[in-house]
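# A structural model of the following input is requested.
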Amino acid sequence: MIENDLFWMWLEYAGVITGFIYLWLEIKQKPSMWLLGGICSFLYVFIFAFSRIYADMGFNIYNFVISIYGFYQWRKSLSGDAKAERKESRLEYRRLNARRFAAISGVTLAIYVVIAALLNYLTDSPIPFGDAFTTTLSIVATWLLAKRYIEQWLFWVVVNLVSIYLYYLRGLYPTMVLYSVYAIVAFVGYAVWKKKGTYYEEA
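Below is the predicted model:
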């Protein structure tokens, strides 16, 4: 188990610390959150590989790459007023309409089936279906975050709650703590965006 090896233990703690910093920056909608998220994901690629949580490992590779895209998208979307105020972005968000939600649900199901099948038949993953579930929702939630959909917080609530149990099974106890905080922050983030944010229609 990861907690019995000093190197992997400290690597996991490093991932947890960067994850907490990322959370604070995400709530504040700071573009720099993508940079911290990239570092956190890079560390968890190795942590999850060691723990044989392969889909989450793959997601963190994806997340590392998309952090570059997310940083670029958020920097580009800064308003003129925000640039004048130390380049801070406004709390602006979109909402999923019924048609887009239906399309995303279909894509989510397709991704899950593929990932679950790959993990179940081609790897020695001890938790193939749970790993596939959290990874699929994480992929979709990250895309929603990059596009500033408020519903991304609700996706993360589900991901984080299920992940807590999965990481318990694999002995990743510091990561369990991180994801417990993630779950709480997801509720808070949703409330903050809804209360203090400004909804805008898609062009």
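
# Can you name the secondary structure element that comes next after the lowest-mean-pLDDT helix or strand in the chain?
Per-element confidence for the chain was summarised using mean pLDDT, DSSP states H and E. The lowest value among helices and strands belongs to helix 80-84, with a mean of 46. Going down the chain from helix 80-84, the next helix or strand is strand 92-93, by DSSP states H and E.

# and that following strand, what does it pack onto?
Secondary-structure packing of strand 92-93 (3 or more Cβ pairs under 8 Å, 6 or more residues apart in numbering; DSSP states H and E): strand 198-199. (Glycine included, C-beta is placed from N, CA and C.)

# if you average pLDDT over the strand it packs on, what comes out?
When the per-residue pLDDT values of strand 198-199 are averaged, the result is 80.

# Check which helices and strands that strand sits against.
Applying 3+ Cβ pairs under 8 Å, 6+ apart, one finds that strand 198-199 contacts strand 92-93.

# in its sheet, what does the strand it packs on sit against?
With DSSP bridges as the test, strand 92-93 is paired with strand 198-199 (parallel).

# Double-check residue 155 against residue 143; I have them as touching.
No. Counting by Cβ atoms under 8 Å, no contact exists between residue 155 and residue 143, whose distance comes to 9.8 Å.

# the more surrounded of those two?
When residue 155 and residue 143 are compared on other Cβ atoms under 10 Å, the one with more neighbours turns out to be residue 155, at 22 against 17.

# Quick check: closest non-adjacent residue to that one.
Leaving out its chain neighbours, the residue that sits closest to residue 155 by Cβ to Cβ, 6 or more residues apart in numbering is residue 141, at 3.7 Å.

# same question, residue 22
Here the nearest residue to residue 22 in space, its sequence neighbours aside, is residue 36; by Cβ to Cβ, 6+ apart that works out to 4.2 Å.

# Ok, residue 27 next?
The shortest distance from residue 27 to any non-neighbouring residue, by Cβ to Cβ, 6+ apart, is to residue 189 (5.5 Å).

# check contacts around the one you found.
26-27, 153, 156 (Cβ atoms under 8 Å, 6 or more residues apart in numbering).

# out of those, which are buried?
Among those, those buried by neighbour count (16 or more other Cβ atoms under 10 Å) are 26, 153, 156.

# residues of whichever strand or helix holds residue 179 that come out buried?
Here residue 179, judged by DSSP H and E, is contained in helix 173-196. Within helix 173-196, the residues scored as buried using 16+ other Cβ under 10 Å are 174-176, 178-179, 182-183, 185-186, 189-190, 192-193.

# Thank you kindly, that will do.
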